[in-house]
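J.: Sequence and predicted structure are below.
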Amino acid sequence: MDLAQLIELDRLAREDGKKYLQKRFLYDEIVTEEGRHFIGIAGPRGAGKTILLKQIALSRPDTFYLSLDTFNENLFETVKTIRDTLKAAVFLLDEVHMHPGFEADLKKIYDFLDVRAIFTSSMALAMVQSAHDLSRRVALKTLYPFSLREYFLFKHQKDVGGLSIDDIVQRRWNRSMMEYGGFFSDYIQGGLMPFALNEAAPLVLLKNILQTVVYKDIARVSKASIDDLDIIMKMLAFIGKSAIDGINDSSLSRNLGVSKYKAGQYTEFLERAFILHRVMPEGTGVLKEPKIVMALPYRLLYRSHEECIGGLREDFFVEAVKSSGFEVHYLKSTTGKKTPDYVVRDQETFIFEIGGRGKGRSQFKGFTEGRKIILSDGYESEGMTRPLFLLGLLVKNRNSSLAR
């Protein structure tokens, strides 16, 4: 591909960026970040990474957009030529993991060319483990699908602010925030994917995305065989059709006829590809085996909303907490006795039980640590109960209930 073709593709990318007026919250964080380091943006396919890069390209003239999905040229030499010819200072590299040897190329660009790079990948990039030592050169960020707050902003052009965990516990929310509850069902059934804004049947597209992730992204990054990839698809079907409790590497190993090591390897691939979340346990003397939940809304590819609502609630909770920058653990006892679902630590410890209406203090019997909260469907906020959907407004800022 010659330079004229690349320039035309960059121009088309900028034109495409004009179609999208709203910007993800991550946009401001990226464009205002200073320093010599590169920025890597990992996130699921369909989350809007490409649009984000195109909006950045449109916002400043010294950028150059390159899609590496089908790029077969020498990346270092191409960047050098464009820098020398067009005086580009910031290179926007889309789907960088699709380019063989991208780690070595990024290191070489960083070391020998006075430019910056902002790049995306739909596989979480294990840069710190890279043999090319990109850890001090790259700041990694994650672009998840819409939070409920972003979904409402993009769909209705209205933002009433975010909430901290403590805001939710202490009932510090605006009355107008209750409006979000009416959109929660649509949100967890596919509305969180940005492409759903213009797609009447988002789950059909999501099924195609899943095939691409497994047979293209995971295949390239992991060097997995076709048999491995087929087992991964069977694993996802098993998880999607099962109740959420008891899904871990051991149960997957038993039910799929693979070693526990292989099951763990597969779930790690799927977590890096933003299809699953692995939640580690907290407790003394417990086996440190992750609980497996699905990223929203993949569970709906295998069962209806009514059949898997319990799993969807936990999927939503884990993703909302993790995407806001908090660590989450599930609670486990050595005796098999029922414990609350999850623990999140901020300035305080918060213990959460996720479920429908009707749960009460008995869920926490014998459990003394932390602030105890039941997150349920609907709008109830009396006693220990809070609306589950408010987690869709979660922000890490502890000092302001209206923080972006």
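T.: Yep, that arrived.

J.: only C-alpha atoms for contact and neighbour calcs from this point on.
T.: Will do.

J.: Name the SS class of Lys288, please.
T.: Assigned with DSSP: H, G, I helix; E, B strand; the rest coil, Lys288 falls in the coil class.

J.: host element of the residue in the chain sticking out farthest from the centre?
T.: Distance from the C-alpha centroid of the chain peaks at Thr85, with 37.0 Å (C-alpha atoms, centre = their mean). Assigning secondary structure by DSSP states H and E places Thr85 in helix 75-86.

J.: For the residue farthest from the centre of the chain, give its distance to Ala4.
T.: Separation of Thr85 from Ala4 (C-alpha to C-alpha, to the nearest Å) stands at 11 Å.

J.: And for Tyr330?
T.: 54 Å.

J.: What of Leu192?
T.: 38 Å.

J.: Which one's more surrounded, the two?
T.: Higher neighbour count among Leu192 and Ala4: Leu192, with 25 against 9, using other C-alpha atoms under 10 Å.

J.: remind me which residues of the protein are low pLDDT?
T.: Residue ranges of the chain with pLDDT under 70: 125-133, 283-286, 333-339, 356-369, 397-404.

J.: how does this structure divide into domains?
T.: Domain ranges of the chain: 3-142, 148-393, per automatic domain parsing.

J.: Next up, the contacts around the closest residue to Val31 other than its chain neighbours.
T.: Closest residue in space to Val31, ignoring its immediate chain neighbours: Ile56 at 7.3 Å, by C-alpha to C-alpha, 6 or more residues apart in numbering. The neighbourhood of Ile56, defined by C-alpha atoms under 8 Å, 6 or more residues apart in numbering, consists of Tyr27, Val31, Thr63.

J.: Please, which helix or strand holds Ile56?
T.: Using DSSP H and E, Ile56 falls in helix 49-59.

J.: Contact partners for the nearest residue to Ile247 once chain neighbours are set aside?
T.: Nearest non-adjacent residue to Ile247, counting by C-alpha to C-alpha, 6+ apart: Ile292, 5.6 Å away. Residues near Ile292 by C-alpha under 8 Å, 6+ apart: Ile244, Ile247, Asn248, Leu276, His277, Arg278, Val279.

J.: just checking, the third one touches Lys291?
T.: Which is Asn248. Yes: using C-alpha atoms under 8 Å, Asn248 is in contact with Lys291, at 5.1 Å.

J.: would you list every one of the helices in the stretch 251-400 of the chain?
T.: 260-272, 309-323 (DSSP state H, counting those that start in this stretch).

J.: Skip the chain neighbours and tell me the closest residue to the residue nearest in space to the middle of the chain.
T.: Centroid-nearest residue in the chain, with C-alpha atoms, centre = their mean: Tyr144, separated by 3.4 Å. Nearest non-adjacent residue to Tyr144, counting by C-alpha to C-alpha, 6+ apart: Gly43, 5.6 Å away.
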